[in-house]
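Asker: structure for the following, please:
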Amino acid sequence: MPMAAFKLSVLAAALVCCSLARVSECGGGGQNYTSMFSFGDSLTDTGNLLVSSPLSNRIVGRFPYGMTYFHRPTGRCSDGRLVVDFLAQAFGLPLLQPYLSRGKDVRQGVNFAVGGATAMDPPFFEEIGASDKLWTNLSLSVQLGWFEQLKPSLCKSPKSCKEYFSKSLFLVGEIGGNDYNYAFFKGKTLDDAKTYVLTVAGAVTDATERLIKAGAMHLVVPGNLPIGCSSAYLTLHPGSNKSDYDSVGCLKTYNDFAQHHNAVLQQKLQLLRTKYPHARIMYADYYGAAMSFAKNPKRFGFKEGPLRSCCGGGGPYNFNPQASCGVPGSRVCTDPSAYANWDGVHLTEAAYHAIANNILNGPYTSPRLL
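Answerer: Residues are numbered from 1 along each chain as shown. Below is the predicted model:
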């Protein structure tokens with residue numbers, strides 16, 4: 001074999017090994033993070049809503065939530081692990097403790113995300129008449145306050161904080177999706193919601209800037225998922241004719257809206273990169289990562305269609321708001337790994353694993369995470 005070809009084959013083998021191993025065990029490719037801090041909503045929450053709201057016991061505190069990996073409910077809105085869990089494991093870190101039930105040792109990271117949380121504070125929802133829809137008042141600004149309260153236990157001086165945070169990864173979201181969910185489920189139109197985008201995306205970038213000022217140097221900021229592929233939206237906001245749906249069967253207008261939010265968020269993040277050139281601000285394209293398996297589910301191992309929920313109360317998409325996952329009248333599939341959609345709003349562990357792999361190894365972070 002010619003030397004050039006031999007080198008290429010060795011490189012290819014190394015890349016394959018790296019994609020299967022922990023990132024921290026792979027030389028040269030990426031930052032070896034020693035801690036992670038996460039903010040967001042139910043896509044990222046590992047137990048804060050369960051601790052803060054007894055009402056959550058009626059849903060995420062019940063089986064079949066957690067059935068796949070933990071074999072018990074943990075407060076995660078899925079059958080198993082989330083993107084944040086897969087990222088932590090990829091970097092050789094323990095699964096992040098929820099802030100509200102953390103132990104004494106928090107040096108390797110904490111999760112501040114809360115299911116149902118919003119980028120905006122409660123007065124915003126009072127103004128638009130949707131405050132009665134809020135799951136929680138523990139918004140992004142509250143989560144940032146928790147981080148700032150915790151910070152003195154992580155590092156004591158500017159020098160020690162700079163060194164500590166130079167090896168920390170911050171996951172700022174996904175968040176903002178609920179700001180729109182509450183508006184839509186209150187009866188607001190797409191045109192109404194479009195007037196909120198600059199404000200909501202601005203709240204996410206303001207939070208990112210606040211973390212940079214607090215010492216964060218490596219930040220991943222995810223965009224919103226394709227809500228037009230959610231079985232909740234497909235059930236509650238159906239199109240009136242075939243042209244309302246794309247080739248996958250997702251609602252075009254709602255996916256266009258999610259992409260609009262993501263475009264505005266990216267523009268604002270670019271301004272932050274100019275303002276803080278020392279910080280590594282990475283946009284994570286959750287939309288593109290999710291659409292990759294929505295368009296080609298079999299390639300990712302999903303045997304069922306990407307739009308039907310594993311756990312739900314019947315109907316074309318197995319979503320029924322009167323019999324949602326975990327309550328009487330709902331049923332759960334026997335193999336969640338065959339499905340991308342878990343409960344109509346959230347994804348399965350298998351889908352979150354696919355997104356995490358796409359974020360780590362695919363072209364879905366800008367600049368690249370690794």
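
Asker: averaged over its residues, which helix or strand of the protein has the lowest pLDDT?
Answerer: helix 3-20 (a mean of 37; mean pLDDT, DSSP states H and E).

Asker: chain center to the helix or strand following it: distance?
Answerer: For helix 3-20, the succeeding helix or strand toward the C-terminus, using DSSP states H and E, is strand 35-39. When distances are taken as CA atoms, centre = their mean, to the nearest Å, strand 35-39 is centred 12 Å away from the chain's centroid.

Asker: before we move on, what about stretch 117-130?
Answerer: On the basis of CA atoms, centre = their mean, stretch 117-130 sits 20 Å off its chain's mean C-alpha point.

Asker: endpoints of that stretch, how far apart?
Answerer: 14 Å (CA to CA, to the nearest Å).

Asker: with stretch 158-172 instead?
Answerer: Its start and end residues considered, stretch 158-172 measures 22 Å (CA to CA).

Asker: do stretch 112-130 as well
Answerer: 24 Å.

Asker: so where do the helices sit in the stretch 201-350 of the chain?
Answerer: With DSSP state H, counting those that start in this stretch, the ranges of helices along the stretch 201-350 of the chain come out as 231-236, 252-275, 286-295, 349-361.

Asker: most packed of those?
Answerer: For the helices of the stretch 201-350 of the chain, the stretch with the most neighbours on average is helix 349-361, a mean of 23; neighbours defined as mean count of other CB atoms under 10 Å. C-beta coordinates here come from the backbone N, C-alpha and C atoms, glycine included.

Asker: following it, which helix or strand shows up next?
Answerer: Following helix 349-361 in sequence order, the next helix or strand is strand 365-366 (DSSP H and E).

Asker: list the neighbouring strands of that following strand plus their orientation.
Answerer: strand 280-284 (antiparallel) (DSSP bridges).

Asker: what residues of the partner strand count as buried?
Answerer: R280, I281, M282, Y283, A284 (16 or more other CB atoms under 10 Å).

Asker: next SSE downstream of the one helix or strand F170 maps to?
Answerer: Under the assignment given by DSSP H and E, the secondary-structure element containing F170 is strand 168-172. Following the chain from strand 168-172 toward its C-terminal end, the next helix or strand by DSSP H and E is helix 177-185.

Asker: could you dump that following helix to PDB, C-alpha only?
Answerer: Listed next in PDB are the C-alpha coordinates belonging to helix 177-185 (Å, rounded to 0.1, in the frame of the first residue of the first chain):
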ATOM      1  CA  GLY A 177     -39.400  26.800  22.500                       C
ATOM      2  CA  ASN A 178     -41.800  27.100  25.400                       C
ATOM      3  CA  ASP A 179     -42.200  30.800  25.000                       C
ATOM      4  CA  TYR A 180     -43.800  30.000  21.600                       C
ATOM      5  CA  ASN A 181     -45.600  26.900  22.800                       C
ATOM      6  CA  TYR A 182     -47.500  28.800  25.500                       C
ATOM      7  CA  ALA A 183     -48.400  31.400  23.000                       C
ATOM      8  CA  PHE A 184     -49.600  28.900  20.400                       C
ATOM      9  CA  PHE A 185     -51.600  26.800  22.900                       C
END
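
Asker: appreciated, that's everything.
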